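Enquirer: Structure of the sequence below:
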Amino acid sequence: MKKKISIIIPFFNEKNNLPLILAEVRKLVEIEKNYEFELLLMDNNSDDGSSSIAKNELKNFENSKYFKLSRNFGYQANIKAGYDKCTGDAAVQLDADGEDDPAIISKFIRQWEKGFEVVYGIREKRHEFFFLTFLRNFFYSFLRKFSEVDIPNKAGDFRIIDRKVINFLKKLDEKNLYLRGLISFIGFKQKGLNYERKKRFTGNSKISLFGYFDISLSAITSFTKTPLVLIFILGIITFIISIFLLLVYFILFLAGNITEPGFTTIILIQLFFFGLLMFLIGIVSIYVGYILDEVKKRPTYIIDENESQ
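Expert: This is a model prediction of the structure:
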């Protein structure tokens, strides 16, 4: 019996790119005849005609499914929906823009056959502005240094993961999603493969700078409490400095070197309470950081419609 590999393609407003990437996927299916393939087209509530194109493409694949979310729940949530709905022995996440070459999937499969439960692509080269690359490298360096898990640098969401990993991923009911971190957290045997990322087929990325910022915040708040600890430490330092300055001011006042107390006193008192407040907020924030991940009960995504072939 052939093993099944699910190919998950999340997209939002990619009407020009969908036919192109699916043509490349069909080539892959023709090459990898020893496997059964399942195609999942995950529509993040597109409004440019991508939905009709995706539905129409279903007939070109023997086992294909289309899911449309009730609104744009974000890139990570759309991928998570694909993992939740796939039925393969392994699953590949492939963006619709063409930057990740479907031909690389064959290399992923070969490593998966050797027993690696996670095989991810490492981007040797990206076609983007230098400043964005700098920010990305800085972010990953920070995250790797302070994170609770080892998140690979220059690795995106282009990967193959085993059913074992998918099943554990489905159990992690987190709303503040950062899948790269979650998959690293799950563990098992993982391997990275270098590849050169291509240019998009057409158009521009649908993830804005705010979107990247939001994903970065999700990563930081999900996998490191360092910012909260820094707030706590800053509160302590500010509190100590304010106490020291108050003592200096009090000594100078007793020595008669300050004859008109008033404005300076008010400033120092404010500094004292500001330091104390930051100290207390730091303590509370540490607890809130733990609680926040547990109390959110809203669904990660809502599926509006689905079709299958």
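Enquirer: With Asn72 as the reference, measure out to Asp47.
Expert: According to CB to CB, to the nearest Å, Asp47 stands 9 Å off from Asn72. (C-beta placed from N, C-alpha, C; glycine too.)
Enquirer: higher neighbour count, these two?
Expert: Asn72 (17 against 9; other CB atoms under 10 Å).
Enquirer: Name the SS class of the more buried one, please.
Expert: coil (DSSP: H, G, I helix; E, B strand; the rest coil).
Enquirer: Phi and psi next, for it.
Expert: phi -80, psi 100 (degrees, to the nearest 10).
Enquirer: confidence score at it?
Expert: Asn72 carries a pLDDT score of 87 in this model.
Enquirer: Wait, it touches Pro10, no?
Expert: No - with contacts defined as CB atoms under 8 Å, Asn72 does not count as touching Pro10, sitting 11.1 Å away.
Enquirer: Need the overlap of contacts for the two.
Expert: Common contacts of Asn72 and Pro10 (CB atoms under 8 Å, 6 or more residues apart in numbering): Asn44.
Enquirer: So for Thr87, what's the nearest residue that isn't a sequence neighbour?
Expert: Nearest-residue entry for Thr87: Glu38, 6.2 Å, with adjacent residues in sequence omitted and distances by CB to CB, 6 or more residues apart in numbering.
Enquirer: While we're on the one you found, how confident is the model there?
Expert: The predicted structure scores Glu38 at 91 on the pLDDT scale.
Enquirer: ok so it is a strand residue?
Expert: Yes - under three-state DSSP, Glu38 falls within a strand.
Enquirer: chain center to stretch 295-309: distance?
Expert: Averaging C-alpha positions (CA atoms, centre = their mean, to the nearest Å) puts stretch 295-309 18 Å from its chain's average.
Enquirer: correct me, but Thr202 touches Pro19?
Expert: No - the pair Thr202 and Pro19 fails to qualify as a contact (CB under 8 Å) at a distance of 10.7 Å.
Enquirer: Between these two, which has more neighbouring residues?
Expert: Pro19 (16 against 12).
Enquirer: Which residues are in contact with the more buried one?
Expert: Pro19 sits next to Ile53, Glu57 when contact means CB under 8 Å, 6+ apart.
Enquirer: Secondary structure element for it, which one?
Expert: helix 18-31 (DSSP states H and E).
Enquirer: same check, this time on Asn167
Expert: Under the assignment given by DSSP H and E, the secondary-structure element containing Asn167 is helix 163-171.
Enquirer: average pLDDT across stretch 191-209?
Expert: 72.
Enquirer: one step back: list the contacts of the helix holding Asn167.
Expert: Residues lying outside helix 163-171 but in contact with it, judged by CB under 8 Å, 6+ apart, are 80, 83-84, 86, 88-91, 117-118, 161, 179, 182-183, 186, 188.
Enquirer: Weed out the non-buried ones from the residues you listed.
Expert: With neighbours counted by 16 or more other CB atoms under 10 Å, the contacts of helix 163-171 contain buried members at 80, 83, 86, 88-91, 117-118, 161, 179, 182-183, 186.
Enquirer: Specify the local secondary structure of Tyr120.
Expert: Per three-state DSSP, Tyr120 ends up strand.
Enquirer: Apologies, that question was intended for Asp95.
Expert: For Asp95, the assignment made with three-state DSSP gives coil.
Enquirer: isn't it right next to Pro10, touching?
Expert: Yes - between Asp95 and Pro10 there is a contact at 7.0 Å, judged by CB under 8 Å.
Enquirer: Pick out whichever of the two has more residues nearby.
Expert: Pro10 (25 against 22).
Enquirer: quick one: that one is in a helix?
Expert: No - per three-state DSSP, Pro10 lies outside any helix segment and is strand.
Enquirer: Report the beta-bridge partners for it.
Expert: Met42 (DSSP bridges).
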